[in-house]
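K.L.:
got a structure for you, letters missing:
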Ligand SMILES: [Cu+2]
């Protein structure tokens, strides 16, 4: 196994990472980017339904909506999640990520084990991934992957619990998930052109899910269904123009490197899907790079991050006629994407 386009990534380094992944019991991709930075963020949980979301009534977005705005502060070079919500009841919640920044972002939810908190992630996990990435970016690929052995043991017990998928500047991404009580981390590990993870530049934040139970229900009407496996997206339903609420069932344990997730990409006429596949790999020096000066090569329109097998999540997208692809966050050597066309009505 080699990384296409990056010949210096060797089989050995991949195996190293694979065994690390297994020992950790989680997806290495998912934890690549935590570094620390102050996060004074403001969140807004607007406990309303479709009102504040502007969704059609039939999309039946759940009553509990957490709004998070992704921002960039050029004076401090901080990428931040801004919200005034730090605590929510357990149960169904919709996370709406509004991208008011010049970079692509996402928001992945991570359930931390025991009493671990975002401070532990910031001090013990983020720096390790950043050091690993710095080594990889400097050409020391094997040393970079070996660095991941410095991750704390508890990191292997982190559970990835979905969250709004990749979204380009000026767009919003919305995902609905069912969360059990616990301490969560919300983070984005897109990278800057210098190879710094957004989470290392502030885009990481804690969220407490309390024992109190929300009465929110999942979306009652969906227009598309997906069954995510290691082989594909299993789309059922008519992929037509307009707004869709998509039900996603996580039907298979994650492949060796990443969990099964899905993101929607709008393709231009000269879109190169191999380039997209390489970009979707955070461990590639050019992978997942998007900042104020470096645009991502594609328009990302939302999706949902991985969840444990058996879970269900929902996300909404707005489709207009054109070319698209569903794409998963995978290593560049094992890409997963599916192109499709939305016809004019
Ligand atoms: Cu980001």
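P.N.:
Done, it's in. As the structure is a prediction and not an experimental result, all values here were calculated from the model.
K.L.:
Tell me the strands beside the longest strand seen in the chain, with direction?
P.N.:
The single longest strand within the chain, with elements called by DSSP state E, is strand 87-99. Strands that pair with strand 87-99, judged by DSSP bridges, come out as strand 65-73 (parallel), strand 172-179 (antiparallel), strand 204-213 (parallel).
K.L.:
Go through the first one and flag the buried ones.
P.N.:
Read that as strand 65-73. The neighbour-count check on strand 65-73 (16 or more other CB atoms under 10 Å) flags 65-72 as buried. Where C-beta positions appear, they are placed from N, C-alpha and C, glycine not excepted.
K.L.:
Toward the C-terminus, what is the element adjacent to that strand?
P.N.:
strand 78-82 (DSSP states H and E).
K.L.:
Can you list the strands that that following strand pairs with?
P.N.:
Strand 78-82 is paired, per DSSP bridges, with strand 65-73 (antiparallel).
K.L.:
Up against the ion, what does the stretch 151-300 of the chain have?
P.N.:
188, 190, 198, 203 (CB under 5 Å from the ion).
K.L.:
re the thing from before, and the strands paired with strand 87-99: which comes nearest residue 311?
P.N.:
Of all those, it is strand 172-179 that lies closest to residue 311, at 7.5 Å by CB to CB.
K.L.:
Now do that closest one, average pLDDT.
P.N.:
Across strand 172-179, pLDDT averages out at 96.
K.L.:
and that strand, how far from the chain's centre?
P.N.:
A distance of 11 Å separates the centroid of the chain from that of strand 172-179, by CA atoms, centre = their mean, to the nearest Å.
K.L.:
So for residue 40, what pLDDT did the model give?
P.N.:
In this prediction residue 40 is given a pLDDT of 29.
K.L.:
One more: residue 269?
P.N.:
79.
K.L.:
can you check residue 107 too?
P.N.:
Residue 107 carries a pLDDT score of 98 in this model.
K.L.:
My guess is it contacts residue 68. True?
P.N.:
Yes: between residue 107 and residue 68 there is a contact under CB atoms under 8 Å: 6.2 Å.
K.L.:
list residues touching both of the two?
P.N.:
Overlap of the contact sets of residue 107 and residue 68 (by CB atoms under 8 Å, 6 or more residues apart in numbering) consists of 81, 95, 97, 186.
K.L.:
Can you tell me which of these is closest to the ion?
P.N.:
residue 81 (8.5 Å; CB to the ion).
K.L.:
Closest to residue 282 out of the residues of the stretch 151-300 of the chain next to the ion?
P.N.:
residue 190 (8.3 Å).
K.L.:
what about the closest one, how many neighbours?
P.N.:
25 (other CB atoms under 10 Å).
K.L.:
OK, contacts around it?
P.N.:
Here residue 190 is in contact with 33, 103-106, 166, 197-198, 288-291 (CB under 8 Å, 6+ apart).
K.L.:
right, and the pair among the residues of the stretch 151-300 of the chain next to the ion with maximum separation?
P.N.:
Most distant of those, by CB to CB, are 190 and 203, 8.1 Å apart.
K.L.:
where are the low-confidence patches of the stretch 101-250 of the chain?
P.N.:
For the stretch 101-250 of the chain, no stretch is flagged by pLDDT under 70.
K.L.:
For it, which segments count as helices?
P.N.:
Taking DSSP state H, counting those that start in this stretch as the test, the helices found in the stretch 101-250 of the chain are 118-120, 126-137, 141-147.
K.L.:
Could you point out which of those sits nearest the ion?
P.N.:
Nearest to the ion, of all those, is helix 126-137, at 13.1 Å by CB to the ion.
K.L.:
Look up the residues that both of residue 190 and residue 203 are in contact with.
P.N.:
residue 105.
K.L.:
Tell me how many other residues crowd the residue nearest to residue 252 when sequence neighbours are not counted.
P.N.:
The shortest distance from residue 252 to any residue other than its chain neighbours is 4.2 Å, reached at residue 229 (CB to CB, 6 or more residues apart in numbering). Other residues near residue 229 come to 17 when the count uses other CB under 10 Å.
K.L.:
Residue 229 against residue 251, yeah?
P.N.:
Yes: the criterion here is CB under 8 Å, and residue 229 meets it with residue 251 at 5.3 Å.
K.L.:
Could you tell me which residues touch both of these two?
P.N.:
Common contacts of residue 229 and residue 251 (CB under 8 Å, 6+ apart): residue 260.
K.L.:
Relative to the ion, how far out is the residue nearest to residue 228 when sequence neighbours are not counted?
P.N.:
For residue 228, ignoring the flanking residues on the chain, the nearest one in space by CB to CB, 6+ apart is residue 260 at 4.1 Å. Distance, residue 260 to the ion, by CB to the ion, to the nearest Å: 21 Å.
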